[in-house]
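Provided below for reference: sequence and predicted model.
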Amino acid sequence: MNDAVVWLTIFVLSVFVGVEVISKVSSTLHTPLMSGANAIHGIILLGAIIVTGTTDNTVAVVVGLVAIVLAAVNMVGGFVVTDRMLQMFVRRKRRPSAGTGPSSGAAGPDGGGAVR
Amino acid sequence: MSATPTWVQLVYLACAVCFILALKGLSGPRTARTGNLIGAAAAVVACAVPFFYLDLLHVPWILGAIVIGTAGGVFGAQRVQMTQMPQMVALFNGVGGGAAALVALLELHELAAPGHDAGWFILAATAFTIFVGSVSFAGSAVTFAKLQELLSSAPLVFPGLAVAFGVALVAGVGLSTQLVLDAAMWVGIVLCLVGLVFGLLLVLPVGGADVPIVISLLNAFTGLTVAAGGYVLDNVVLLVAGTLVGASGTFLTLLMARAMGRSVANILFGALKGGSTLGAGVASDRPVKSANPEDVAIMLGYADRVIIVPGYGLAVAQAQHGLRELVDVLLERGSEVDYAIHPVAGRMPGHMNVLLAEAQVPYEQLKEMDDINGEFKEADVVLVVGANDVVNPAARTSPGAPIYGMPILNVDEARHVVFMKRSMRPGFAGIENELLFEENTTLLFGDAKDSMGKLLNAVKAL
């Protein structure tokens, strides 16, 4: 197969998977779902890292670093905020134990050093 | 996919699968949190990979930038109030779109280098990423400003807007074509600027109540942008993740538009056509029946069936905790109480569920619109707190109203309706609510938190 066709195949199949996977979502979860999907496209961070790390043009590096900052805000912020919301949904499923405030400190593996 | 080692490709494949699982998980209440964490883990792993197989330059700088972005993201995510969630999502979405556009510009810089002969398909994808990424960035910025009320939430229309919109679109397509024919850096930069203008023009005319749908649409845009970026960069994980978000985001947008009884085209371009009969947003001076908390307490305290309709105003006033207490007291007194949740209650679909979850309202008490709409006839009292548009019968009766056709909660069928309102100002959509002037409607004026406290004490004292 032609390379472009391989990519097109992946694209088309992903479209169907994307629609299929969320087709039964209840409206209760629309906000966290949107926010979670939003975090997933923060993966552009990976692209930003690669382009920045493979150029030696100073202007390009600066632009790339800006892109990295923006993408990291999108990705990390997105996952953390989604987790904060979902925590509340989970908490009330189990018995609401008194005194556990919104202790969203342990927000998952995406907290500090995203890449080490 | 040529020069990439096999193990890297396999890791990327695993990450792509994890993103599918993440979305799958996010669509069910029990699996949602796990789903989100799987997605986060996959994202972190995917971003770590290039450090191990590429001889990356400027590593300290890159790590520094990641730390800054991470700190900013975590800070924002921890600090944001649940009421401000729509703005936050818009903001995160915008920066993601901006990042994608910048990445594509950098890649264009490589492609435009002499001796580099890129295929037209790659260049088309690059143009797409630059343009749509900029649109998403600028559009999200406007959305943020509207929700944060830095800009008026009313549609911003000026003469010639439709023409300007058309010109920007034609310029975008023209420049993209030019970029495919001749990969020049300046074309990319101009295309980026045109994208920014187009993004502004796209969102400015969208009215307040429709802004949430636009967030979802722009989210889908950014997803597709990232997918195209993945193709340009020869990176399968970007392609899959971006496409997943693009497809599911588009689907979600259509789902929400349907819940509001509107088409996406109508939401985006309704104001451009003119003739929008948006209300002036001023308080009416027609007579209404108002009551004090003690009167309302008696109505509630002796009702068998009570339905609560919460709206954004409830959360803004931080009255949701008081409301939960009130409901607990009413339940103890033997009333049957439920919350009726409109699909677009709050400022984002599903927003109200998040806000009530924060106040630890039990899941079972929240009823979706279709489940509870038949029960309003049976209700002795409906307490509407900080909601307006979602109970406005104008959606059924006046074809000229901007919310006409939106399914609403049939509050007008109840025996008594109590509105807790700060003032007579109309809701987010800016139209007057006839229900307020009905015979069986009572208004309880005041700050929702304040009134809720008084109401709670009055009910306890019964």
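That came through, no problem.

for the stretch 251-400 of chain B, just list every one of the strands.
Counting by DSSP state E, counting those that start in this stretch, the stretch 251-400 of chain B has strands at residues B:305-310, B:336-341, B:366-368, B:381-385.

show me which positions of the shortest one end up buried.
This points to strand B:366-368. Within strand B:366-368, the residues scored as buried using 16 or more other CB atoms under 10 Å in any protein chain shown are B:366-367. Where you see a C-beta, it was placed from the backbone N, CA and C, and this is true even at glycine.

likewise the second one?
The neighbour-count check on strand B:336-341 (16+ other CB under 10 Å) flags B:337-341 as buried.

pull the residues that contact it.
A:27-28, B:304-310, B:327, B:330-331, B:352-353, B:356, B:361, B:365-369, B:372-373, B:375-376, B:382, B:409 (CB atoms under 8 Å, 6 or more residues apart in numbering or on different chains).

mind checking pLDDT for residue 12?
In the absence of a named chain, this looks at chain A. Looking at residue A:12, its pLDDT stands at 96.

sorry, I should have been clearer: chain B.
For residue B:12, pLDDT reads 96.

now, which of the buried residues of strand B:336-341 sits nearest residue B:460?
Comparing the buried residues of strand B:336-341 against residue B:460 with CB to CB places residue B:337 closest, at 15.4 Å.

columns mean pLDDT and distance to residue A:89 on top of the strands of the stretch 251-400 of chain B, output as CSV?
Listed next are the strands of the stretch 251-400 of chain B as CSV, based on pLDDT from 0 to 100; distance: least, CB to CB, whole Å:
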stretch, mean pLDDT, distance to residue A:89
strand B:305-310, 95, 17
strand B:336-341, 94, 14
strand B:366-368, 89, 11
strand B:381-385, 94, 21
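
could you pull out the helices for the stretch 151-300 of chain B?
Applying DSSP state H, counting those that start in this stretch to the stretch 151-300 of chain B gives helices spanning B:161-181, B:185-203, B:211-232, B:236-259, B:264-269, B:293-301.

how about those in TSV, adding mean pLDDT and mean neighbour count?
Formatted as TSV, the helices of the stretch 151-300 of chain B follow (pLDDT from 0 to 100; neighbours: other CB atoms under 10 Å in any protein chain shown):
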stretch	mean pLDDT	mean neighbour count
helix B:161-181	94	16
helix B:185-203	96	21
helix B:211-232	93	29
helix B:236-259	91	25
helix B:264-269	82	16
helix B:293-301	93	19
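
can you list those helices in TSV and add distance to chain A?
Shown next, in TSV, are these (distance: least, CB to the nearest CB, whole Å):
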stretch	distance to chain A
helix B:161-181	14
helix B:185-203	11
helix B:211-232	5
helix B:236-259	3
helix B:264-269	15
helix B:293-301	24
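
which stretches of the stretch 351-462 of chain B form helices?
In the stretch 351-462 of chain B, the helices defined using DSSP H, counting those that start in this stretch lie at B:351-358, B:369-372, B:394-397, B:448-460.

by how many degrees do the first one and helix B:211-232 diverge?
In this structure, helix B:351-358 runs at an angle of 100 degrees to helix B:211-232, with axes from the mean of the first three to the mean of the last three CA atoms, to 10 degrees as the basis.

contact partners of helix B:351-358?
Residues outside helix B:351-358 that contact it (CB under 8 Å, 6+ apart) are A:27-29, A:31-32, A:85, A:88-89, A:91-92, A:102, B:82-83, B:85-86, B:212, B:310-312, B:314-315, B:320, B:324, B:339, B:341-342, B:345-346, B:363, B:366.

ok, now which ones touch residue 46?
Unless you meant another one, I'm taking chain A. Residue A:46 sits next to B:46-47, B:49-50, B:235, B:237-238 when contact means CB under 8 Å, 6+ apart.

meant chain B, my bad for not saying
A:43, A:46, B:11-12, B:15, B:237 are the contacts of residue B:46 under CB under 8 Å, 6+ apart.

farthest-separated two in those?
Maximum pairwise distance in the contacts of residue B:46, criterion CB to CB, is 13.1 Å, between A:43 and B:11.

between these two, which is the more surrounded one?
Remark: of residue A:43 and residue B:11, residue A:43 carries more neighbours, 31 against 19, as counted by other CB atoms under 10 Å in any protein chain shown.

where does the prediction get shaky in chain A?
A:1, A:90-116 (pLDDT under 70).

could you dump the strands of the stretch 251-400 of chain B to a markdown table with distance to residue B:188?
Shown next, in a markdown table, are the strands of the stretch 251-400 of chain B (distance: least, CB to CB, whole Å):
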| stretch | distance to residue B:188 |
| --- | --- |
| strand B:305-310 | 48 |
| strand B:336-341 | 46 |
| strand B:366-368 | 47 |
| strand B:381-385 | 51 |
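
before we move on, the earlier item: tabulate the helices of the stretch 351-462 of chain B (a markdown table), appending mean pLDDT.
Shown next, in a markdown table, are these (pLDDT from 0 to 100):
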| stretch | mean pLDDT |
| --- | --- |
| helix B:351-358 | 89 |
| helix B:369-372 | 90 |
| helix B:394-397 | 86 |
| helix B:448-460 | 92 |
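
got CSV for those helices, with mean neighbour count too?
Shown next, in CSV, are the helices of the stretch 351-462 of chain B (neighbours: other CB atoms under 10 Å in any protein chain shown):
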stretch, mean neighbour count
helix B:351-358, 26
helix B:369-372, 15
helix B:394-397, 18
helix B:448-460, 20
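
in TSV: the ones you listed, plus distance to residue B:269.
Rendered in TSV, the data for the helices of the stretch 351-462 of chain B read as follows (distance: least, CB to CB, whole Å):
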stretch	distance to residue B:269
helix B:351-358	25
helix B:369-372	27
helix B:394-397	20
helix B:448-460	35
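
residue B:289 is nearest to which of the ones you listed?
Nearest to residue B:289 among those is helix B:448-460; the distance by CB to CB comes to 15.9 Å.

so what secondary structure elements neighbour that closest one?
helix B:293-301, helix B:312-316, helix B:320-332, strand B:416-421, strand B:441-445 (3 or more CB pairs under 8 Å, 6 or more residues apart in numbering or on different chains; DSSP states H and E).

one more pass at 6 Å, please.
Secondary-structure packing of helix B:448-460 (3 or more CB pairs under 6 Å, 6 or more residues apart in numbering or on different chains; DSSP states H and E): helix B:293-301, helix B:320-332.

quick one: contacts of it?
For helix B:448-460, the surrounding residues in contact (CB atoms under 6 Å, 6 or more residues apart in numbering or on different chains) are B:293-294, B:296-297, B:301, B:314, B:317-319, B:322-323, B:325-326, B:329, B:385-386, B:420, B:444.
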